[in-house]
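Chemist: Got a sequence here, can you model it:
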Amino acid sequence: MTRLIPFTAIGLCVCAGAGCMRAQVRERLVCASSSGEYCATVTSSFASLPLPGPETISVWDSAKFRIRAGDGKQVLAVALTDDNREDFLGDWQWSPDGRYLALPGRGLWVIDARDARPLRLFFGEILSYRWRDDDCLVYCTARGTVGAMSIAERIHHSLVKESGWWQHMDRFERWGDPLSPQGKLFARYDGERICIVDVNAGRTINSFPAAQEPIGYCWDAASERCLICAPDRSTLSLYERKVETITELTSRFRALDDRFPQTLLLSWHDAVLAPSGQWLIVAGPSQAVWICAADGSSVVRLQDEIGRDILEYRVSPKEDLLAFRWFDAKGSSFKGFCVVSISLEEKGRVKVSAPLRLSSSADAELVWAADGRALMTLARGRLKRLDVSHLLP
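Modeler: Numbering: from 1, shown residues only. So this is what the prediction gives:
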């Protein structure tokens with residue numbers, strides 16, 4: 001048995017003396033730029049210390065944030081400490097042209113990959129942000145203020161004034177993203193209603209009564225549909241901009257299959273509306289994963305379709321593709337990752353393609369390329385693109 005204990009929590013020093021084992025170092029790919037010219041990684045080092053009996057302690061030794069060029073050359077390396085760790089937490093996003101990496105830590109930072117120069121754009125808590133174009137970031141704060149920042153001009157533009165209602169959950173407790181792609185629309189709660197705000201116009205275009213603040217939102221690529229989850233994690237609803245309605249979906253899915261979970265396991269990736277807005281994926285207890293038609297007409301359990309148990313998965317940011325890790329036949333260990341395409345047949349039935357196995361490595365990361373048509377892997381510090389566009393209809 002191995003227990004994981006943070007290095008800083010116990011104040012130990014990993015050494016090369018008696019009783020210590022060699023530290024294990026792993027570099028993890030976090031995100032890659034659209035062209036694959038740059039990538040961001042985190043390297044963690046652990047050492048195992050034996051205890052009396054069969055147990056060992058796995059002690060965190062150090063961590064380092066890196067930006068690498070696609071050929072493996074190191075552009076920037078920052079040792080992570082208790083003082084700066086919060087600046088490197090959260091959802092990292094590359095600008096569309098792949099020049100800037102945004103980091104929503106304590107405030108909002110961008111790093112220019114060409115000269116490794118960091119720039120702090122905003123002081124204060126950032127709830128969400130999106131790249132509007134190569135130079136401009138749209139962001140929202142916990143008070144519902146939405147602003148835009150031009151990196152070249154260093155000028156802030158206020159787009160939506162604060163709602164007066166403090167968003168109670170911070171960005172680590174929330175799920176999804178209240179800002180739609182390119183920061184076009186913004187979903188927020190004003191204490192009584194869910195409001196859909198047109199960011200460019202700076203005004204609310206739709207609002208719907210709600211007794212409590214939703215735990216999160218997830219938009220499609222066209223900013224036409226938004227998945228909304230109730231705070232008790234039991235109910236999913238779909239906002240449709242075209243018909244200006246919110247439709248409760250969870251009861252429909254449970255009527256179609258009584259195995260559909262009563263409580264959803266929502267984290268950043270556990271419930272996702274597909275880029276097309278036609279289907280969504282939801283995680284439930286016991287590693288069950290469900291793919292559902294967004295109109296509530298059909299639902300399938302992914303394990304039934306592929307005959308294997310899965311745990312971790314990622315939806316392509318722009319295509320109807322799903323990457324996931326799967327277990328071996330005994331369900332005891334990971335056997336790399338696979339990709340499937342998902343589509344809707346006539347009458348709205350969900351169709352899942354045969355899995356395409358891409359890697360047998362249990363350490364391979366599920367990182368989509370920005371165009372959503374390939375997965376990126378890191379091999380000996382170099383980026384490799386695995387194209388899966390042939391799976392698309």
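
Chemist: Now do the lengthiest helix in the chain, average pLDDT.
Modeler: The residue-count maximum for a helix in the chain (DSSP state H) belongs to helix 250-256. Mean per-residue pLDDT for helix 250-256: 92.

Chemist: Also stretch 193-202?
Modeler: 88.

Chemist: what's the span of that stretch, first residue to last?
Modeler: 17 Å (CA to CA, to the nearest Å).

Chemist: What is the subsequent helix or strand relative to the longest helix of the chain?
Modeler: Sequence order places strand 271-273 as the next helix or strand after helix 250-256, per DSSP states H and E.

Chemist: Can you give me the buried ones in the longest helix of the chain?
Modeler: Residues of helix 250-256 classed as buried under the neighbour-count rule (16 or more other CB atoms under 10 Å) are T250, R252, F253, L256. In short, each C-beta sits where N, CA and C put it, glycine included.

Chemist: now, which of those residues sits nearest E224?
Modeler: E224 lies nearest to R252 out of the buried residues of helix 250-256, by CB to CB, at 19.9 Å.

Chemist: Name the nearest residue to the closest one, sequence neighbours excluded.
Modeler: Closest residue to R252 apart from its sequence neighbours, by CB to CB, 6 or more residues apart in numbering: G296 at 3.6 Å.

Chemist: Also L378?
Modeler: L29 (4.1 Å).

Chemist: Average pLDDT for stretch 94-103, rounded please.
Modeler: Mean per-residue pLDDT for stretch 94-103: 90.

Chemist: for R203, which residues make a bridge with it?
Modeler: Beta-bridge partners for R203, by DSSP bridges, are D198.

Chemist: Put the alpha carbons of stretch 128-140 into CSV.
Modeler: The C-alpha coordinates for stretch 128-140 follow below in CSV (Å, rounded to 0.1, in the frame of the first residue of the first chain):
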residue,chain,number,x,y,z
SER,A,128,-13.9,32.6,-15.9
TYR,A,129,-12.2,33.8,-19.0
ARG,A,130,-12.1,33.3,-22.8
TRP,A,131,-9.9,34.4,-25.6
ARG,A,132,-11.9,36.7,-27.9
ASP,A,133,-9.1,36.8,-30.5
ASP,A,134,-5.3,36.6,-30.7
ASP,A,135,-4.9,39.7,-28.5
CYS,A,136,-8.0,40.1,-26.4
LEU,A,137,-9.2,38.2,-23.3
VAL,A,138,-12.8,38.4,-21.9
TYR,A,139,-13.1,37.7,-18.2
CYS,A,140,-15.7,37.7,-15.5
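
Chemist: State the mean pLDDT of that stretch.
Modeler: On average, the pLDDT along stretch 128-140 is 90.

Chemist: roughly how far is the longest helix of the chain from the heart of the chain?
Modeler: Computed by CA atoms, centre = their mean, to the nearest Å, the chain-centroid distance of helix 250-256 equals 26 Å.

Chemist: got a list of contacts for that helix?
Modeler: S234, T235, L236, F260, Q262, W290, C292, G296, S298, V299 (CB atoms under 8 Å, 6 or more residues apart in numbering).

Chemist: repeat that for 10 Å
Modeler: Residues outside helix 250-256 that contact it (CB atoms under 10 Å, 6 or more residues apart in numbering) are 229-230, 234-237, 259-262, 264, 280, 282, 290, 292-293, 295-300.

Chemist: who's in contact with V146?
Modeler: Here V146 is in contact with 127-129, 138-140, 157-163, 178-179, 183, 186, 188, 197, 199, 202 (CB under 10 Å, 6+ apart).

Chemist: from those residues, which ones fall inside strands?
Modeler: Those of these mapping onto strands are 127-129, 138-140, 157-160, 186, 188, 197, per DSSP state E.

Chemist: Give me the contacts around stretch 114-123.
Modeler: Residues contacting stretch 114-123 (CB under 10 Å, 6+ apart): 37-38, 67, 74-78, 87, 99-112, 129, 137, 139, 141, 147, 149-151, 154, 156.

Chemist: out of those residues, which are buried?
Modeler: Buried by 16+ other CB under 10 Å: 37-38, 67, 75-76, 78, 87, 99-112, 129, 137, 139, 141, 147, 149, 151, out of these.

Chemist: In helices, which of those appear?
Modeler: Nothing among the buried ones among the contacts of stretch 114-123 maps onto helices, per DSSP H.

Chemist: Sort out for me which of these are in strands.
Modeler: Counting by DSSP E, these place 38, 67, 75-76, 78, 100-103, 108-112, 129, 137, 139, 141, 147, 149 in strands.

Chemist: Against which helices or strands is the helix or strand where the residue nearest to L378 lies packed?
Modeler: Secondary structure assignment for L29, by DSSP H and E: strand 24-32. Strand 24-32 is packed against strand 38-50, strand 56-69, strand 93-94, strand 367-368, strand 374-379, strand 382-387, with contacts defined by 3 or more CB pairs under 10 Å, 6 or more residues apart in numbering; DSSP states H and E.
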